[in-house]
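**Student:** A predicted structure for the sequence below; I have some questions about it.
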2 protein chains.
Amino acid sequence: MINTGTELLLGDVLNTHLRFVAREIFPLGLRIERQLSVPDGAAIGEALAESMAFDVVFVTGGLGPTTDDVTREAIAALFGLEFEENVEIANGIRHRLTSRGWKLTDRILRQALVPKGATILPNHYGTAPGLYFPKNPATASPHIFALPGPPRELHPMFVESVLPILRDIASDKAPHEFRTYRIAGMGESLVEEAVGAQILAIPGIELGYCARPGEVDLRLVGDPESIARADAILQSVLKDSIFSLAKEELEHVVVRMLTDRRETIATAESCTGGLLAHRLTNVPGASKVFPGGYVVYANEVKASALGLDPALIRKHGAVSKEIATAMAEAARTRAETTHALATTGIAGPTGGSEKKPVGTVYIALASDCASTLVRHFNFASDRETFKQMASQAALNLLREQLLARD
Amino acid sequence: MINTGTELLLGDVLNTHLRFVAREIFPLGLRIERQLSVPDGAAIGEALAESMAFDVVFVTGGLGPTTDDVTREAIAALFGLEFEENVEIANGIRHRLTSRGWKLTDRILRQALVPKGATILPNHYGTAPGLYFPKNPATASPHIFALPGPPRELHPMFVESVLPILRDIASDKAPHEFRTYRIAGMGESLVEEAVGAQILAIPGIELGYCARPGEVDLRLVGDPESIARADAILQSVLKDSIFSLAKEELEHVVVRMLTDRRETIATAESCTGGLLAHRLTNVPGASKVFPGGYVVYANEVKASALGLDPALIRKHGAVSKEIATAMAEAARTRAETTHALATTGIAGPTGGSEKKPVGTVYIALASDCASTLVRHFNFASDRETFKQMASQAALNLLREQLLARD
């Protein structure tokens, strides 16, 4: 895929073409092997000349009426094609302009000049049509699609006109299967150590990872049989660490589990500072399972909002398993919920000590009919990542508890 | 610029690196001439080999601990460099992992192997450091920067470590002056209507806008004299709507203003569900000005946590200026703060009525020595945007109040 446009290289416009096209062609068993952005002008022809070894080349942009739009010319020059006026396009442009009372210029009519052998791809949202040049063994040229740059012109043209042609081109390909496992409670390298070698030993499997704070996506691509073999390994080794096969956020999974069980959750947050409540309330329908929470940053508010005994805080320190436990139990009692999660820790950058360094966090989960669980972690990092990892660990603790109670 | 990552070519992740880097280097008089996305693996080396004619090459991704991360190896192979263990990186990784109680594996320690001659670019947000290989006439190699793929690691590293090196490399180029005005309380088109024509009438000025929920960045590029003329217009027309010239988040501005005044804030959130507390506690030092807050989603918790009279809620409805006022005043009294902000509204997608449609929000600010302010807005949108806009309006109401009290 070649994306042309100086605006892309200046950072004025975000290039969304790769993501759009890659997702559209994936179900056909096709994928983009290489994507290139070049400025308007001579670089377009050079990029095309470099791309002759591929099966299909998409070029976006450079089809308009201005002097820097040279995609048509570059293709024609590369394969020695002559131009001819396409009567249908010329009439369409004439009709479009005269009906608006605009002047018809040679420059605009340039868009009706089409290299010989091209198939026209209609553009219902602009004047410049797309062009399709079939693979030509005589000139050793691949299938080339020249497409408009603006997404509102490109997207409908791609779906209406390009996909049907690609379906013919790719009719011999076995479609890829694609699966994403979203994993909590294990770092990227721990996941790879646990399953990497076994998965890579399966022929025809591609394996990839994408890590975010507190979660890892493991991605498989392959034929259905290989995917099934890999799936059996992943499910048996990673078990409940896999929290979604549908790229869901952890808070969506937890809210759904609570909703299904008709159970509720409250929060008592010190170091996560409201993030836990924020994540839960991002889920539509959260009000059914989350009546509310307490952000108790200062010790005075731990006492006034949750009724914690200041002597207990002095004795153990605010960042301790005892205070995490007391916070969770008080929140559950006060909000009258099935469960309550509490977080207390040291986000940093200051406030750490030798015994409790920056990154220390205690997470407690109080539940009815069960003793309160407490976990200790160290998520030394910047403040926002620390908060994200602590909230992730808290939601994952609740998820594991819900699974264990089933 | 070479962006590596199979996830980019599968359309799993939107590639934002080009836009980010292009904008960062523009003020130095530098621009990207060519950008290439390739999958993980052998293609990285081929892409590098093709790029030897440029002055500077950025490579993103492929620096992590897994087998598909081969950027270091590709650079070393291309220029015949040997690897050596960097003691500082190895110790950093050891410290990071052991402090979290995670297992240290050979795979993770791979990230401490560095090709000879590379300068380390510290990574404060992940384990893999960036690498800088200076231009080397002996091997005809350009300046090469190998940078991490995750934006939250790449962006701070680029600003802290890459830009200073680029500034030396590009010291002979005429720099553009570049200024960003961050504006709250006005939409993008309102900003353009207020100042657009006057700014564009100044010769040699480039003007751009970037809108996010509840705020707009107005961006100027030009020579110093034109920028000074534009600045005078912007300051006199937009006045206090400009809340930062340093691309700060609104919560940072508000926490600084409160810190300077030795004043404090509490929160009582219904529809923002903890986001307001989360944003305040993202700011280092927030504990000095924010003792805590209440997330009162259900009416029962509005009563139990804030002492609101259930009869008052029944009379006016939970989404009303009366309840917003009562929430703010109760939070201020209970948390013993100078100010308290309250939000109540209908985030949707359900729960709206004809009189109070989805998007309705009331924001109240209670302060000492002043009567409580209430504002009414409609931010009909998806849930997360609604919450972001409501929290933005709340923080901006506090900012305006603090300015007015000076």
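**Tutor:** Yes, it's here.
**Student:** Helix, strand, or coil at residue A:165?
**Tutor:** Of the three states, residue A:165 takes helix under DSSP: H, G, I helix; E, B strand; the rest coil.
**Student:** Got the phi and psi for the nearest residue to it once chain neighbours are set aside?
**Tutor:** Of all residues not flanking residue A:165 in the chain, residue A:132 sits nearest, at 6.2 Å (C-beta to C-beta, 6 or more residues apart in numbering or on different chains). For glycine as for every other residue, the C-beta is placed from the backbone atoms N, C-alpha and C. In terms of degrees, to the nearest 10, the main-chain angles of residue A:132 are phi -120, psi 120.
**Student:** pretty sure residue A:132 is touching residue A:121, no?
**Tutor:** Yes. In this structure residue A:132 lies within contact range of residue A:121 using C-beta atoms under 8 Å: 5.9 Å.
**Student:** Mind listing the shared neighbours of the two?
**Tutor:** Common neighbours of residue A:132 and residue A:121 (criterion: C-beta atoms under 8 Å, 6 or more residues apart in numbering or on different chains): A:145, A:161-162.
**Student:** Next, count neighbours for residue A:250.
**Tutor:** Residue A:250: 21 surrounding residues under other C-beta atoms under 10 Å in any protein chain shown.
**Student:** where does it fall, phi/psi-wise?
**Tutor:** phi -60, psi -40.
**Student:** Get me the contact residues on the stretch 51-200 of chain A for chain B.
**Tutor:** Within the stretch 51-200 of chain A, the positions near chain B by C-beta under 8 Å from any C-beta of the partner chain are A:178, A:187-190, A:192-193, A:196, A:200.
**Student:** With distance to residue A:155, neighbour count and secondary structure added, can I get those residues in a markdown table?
**Tutor:** Converted to a markdown table, those look like this (distance: C-beta to C-beta, whole Å; neighbours: other C-beta atoms under 10 Å in any protein chain shown; DSSP: H, G, I helix; E, B strand; the rest coil):
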| residue | distance to residue A:155 | neighbour count | secondary structure |
| --- | --- | --- | --- |
| A:178 | 21 | 15 | strand |
| A:187 | 38 | 21 | coil |
| A:188 | 34 | 22 | helix |
| A:189 | 39 | 27 | helix |
| A:190 | 40 | 18 | helix |
| A:192 | 37 | 25 | helix |
| A:193 | 42 | 18 | helix |
| A:196 | 37 | 18 | helix |
| A:200 | 36 | 14 | helix |
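**Student:** can you redo those as TSV with distance to residue B:223?
**Tutor:** Formatted as TSV, those follow (distance: C-beta to C-beta, whole Å):
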residue	distance to residue B:223
A:178	51
A:187	49
A:188	47
A:189	50
A:190	54
A:192	52
A:193	56
A:196	55
A:200	56
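**Student:** For chain A, which residue occupies the most central location?
**Tutor:** For chain A, residue A:247 is the residue whose C-alpha lies nearest the centre (C-alpha atoms, centre = their mean; 8.5 Å).
**Student:** Now that one: closest residue in space that isn't a chain neighbour?
**Tutor:** Nearest residue to residue A:247, sequence neighbours excluded (C-beta to C-beta, 6+ apart): residue A:180, at 5.6 Å.
**Student:** Quick one: residues contacting that neighbour.
**Tutor:** Applying C-beta under 8 Å, 6+ apart to residue A:180 gives the contacts A:217-220, A:245, A:247.
**Student:** average pLDDT for the helix or strand in which it is found?
**Tutor:** According to DSSP states H and E, residue A:180 maps onto strand A:177-184. For strand A:177-184, mean pLDDT is 90.
**Student:** Repeat that for stretch A:50-57.
**Tutor:** 94.
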